[in-house]
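Chemist: Below is the sequence, then the predicted model.
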Amino acid sequence: MMSILVNEKKGQSQQWITANTHSADVAVVVYALEVVTKIGKNFPVLFLSLASLNTILAANDFLANSIEFGILNSLFAVSGFIFVIQLRQDKNQFDSKLEEIME
């Protein structure tokens with residue numbers, strides 16, 4: 001373990017913070033960040049597949065005369081498709097702003 005001295009202001013109280021530097025803990029954090037990154041890259045595909053599944057479930061519910069669940073699944077599907085469209089628009093705007101900055 002490693003201790004770090006933190007001064008809030010010059011001449012005032014000092015505080016020691018103990019930092020955990022075990023390599024196993026660092027490896028867990030790195031692995032968690034890799035998983036989050038992989039999920040983030042596939043986020044639009046994941047939402048698109050869930051919205052499509054809700055569309056299929058809504059059609060099945062309407063055919064089975066379950067109007068309430070059909071409407072609910074339709075709302076979920078529409079909101080999923082809207083979310084994916086907004087995600088793509090934001091990504092395109094971010095890419096264009098990034099290109100302007102890089103020039």
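Modeler: Nice, thanks for sending it over.
Chemist: what's the helix or strand for the residue minimising distance to the centre of the chain?
Modeler: Compute the mean C-alpha point of the chain, and by C-alpha atoms, centre = their mean the closest residue is G40, 5.5 Å away. Assessed by DSSP states H and E, G40 sits inside helix 23-41.
Chemist: again with S52
Modeler: With DSSP H and E as the test, S52 turns up in helix 43-63.
Chemist: for L72, same thing?
Modeler: L72 belongs to helix 67-102 when elements are defined using DSSP H and E.
Chemist: Next: N65.
Modeler: Under the criterion DSSP H and E, no helix or strand holds N65.
Chemist: mind checking pLDDT for it?
Modeler: As predicted, N65 sits at a pLDDT of 92.
Chemist: same question, A58
Modeler: For A58, pLDDT reads 95.
Chemist: one step back: same for the helix holding L72, what does it pack against?
Modeler: Judged by 3 or more C-beta pairs under 8 Å, 6 or more residues apart in numbering; DSSP states H and E, the packing partners of helix 67-102 are helix 43-63. Yep, even glycine has a C-beta here, placed from its N, CA and C like the rest.
Chemist: From the contact counts, what lies against the helix it packs on?
Modeler: So helix 43-63, by 3+ C-beta pairs under 8 Å, 6+ apart, packs with helix 67-102.
Chemist: mind checking how far the helix it packs on is from the chain centre?
Modeler: 13 Å (C-alpha atoms, centre = their mean, to the nearest Å).
Chemist: Pull out the buried residues from that helix.
Modeler: Across helix 67-102, burial judged by 16 or more other C-beta atoms under 10 Å covers 70, 73-74, 76-77, 80-81, 83-84.
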